[in-house]
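Q: here is a sequence together with a model predicted from it:
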Amino acid sequence: MALTGSCLCGAVQYELTQRPVWSHNCHCSRCRKASGTAFASNLVFKIDALQYSRGKEHLRSFKPHDAE
């Protein structure tokens, strides 16, 4: 099983090589704001399931000031 995807502009491409370990719909205020809907659907994978096929150098990480 492999799932492939990319960011919206296509600069970063990835592949998930294992099944998700968990899935859920989150109704917290951040997920509602990010999705513009009543919830966001999330799939959780083990980190070693993720492989970048292109554009890893474009990745950035940001943490909101009140995030835990």
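A: Looks like it arrived, so ask away.
Q: going by C-alpha atoms from here, please, whenever you check contacts or count neighbours.
A: Noted.
Q: elements contacting the helix or strand of the chain with the lowest mean pLDDT?
A: Least confident helix or strand of the chain, by mean pLDDT, DSSP states H and E, is helix 29-35 with a mean of 89. When contacts are defined as 3 or more CA pairs under 8 Å, 6 or more residues apart in numbering; DSSP states H and E, helix 29-35 packs onto strand 40-44.
Q: neighbouring strands - and their directions - for the strand it packs on?
A: Using DSSP bridges, strand 40-44 pairs in its sheet with strand 22-26 (antiparallel).
Q: neighbouring contacts of the strand it pairs with?
A: 32, 39, 40, 41, 42, 43, 44, 45 (CA atoms under 8 Å, 6 or more residues apart in numbering).
Q: list buried residues within those residues.
A: 39, 40, 45 (16 or more other CA atoms under 10 Å).
Q: from the chain's centre, how far out does stretch 46-61 sit?
A: Remark: stretch 46-61 is offset 10 Å from the chain centroid, using CA atoms, centre = their mean, to the nearest Å.
Q: list the buried residues for it?
A: Applying 16+ other CA under 10 Å to stretch 46-61 flags residue 50 as buried.
Q: now do the end-to-end distance for it.
A: 18 Å (CA to CA, to the nearest Å).
Q: next one: stretch 39-54
A: Across stretch 39-54, first to last residue, CA to CA, it's 30 Å.
Q: check stretch 6-14 too.
A: 6 Å.
Q: rounded mean pLDDT for it, please.
A: The average pLDDT within stretch 6-14 is 96.
Q: good, wrapping up.
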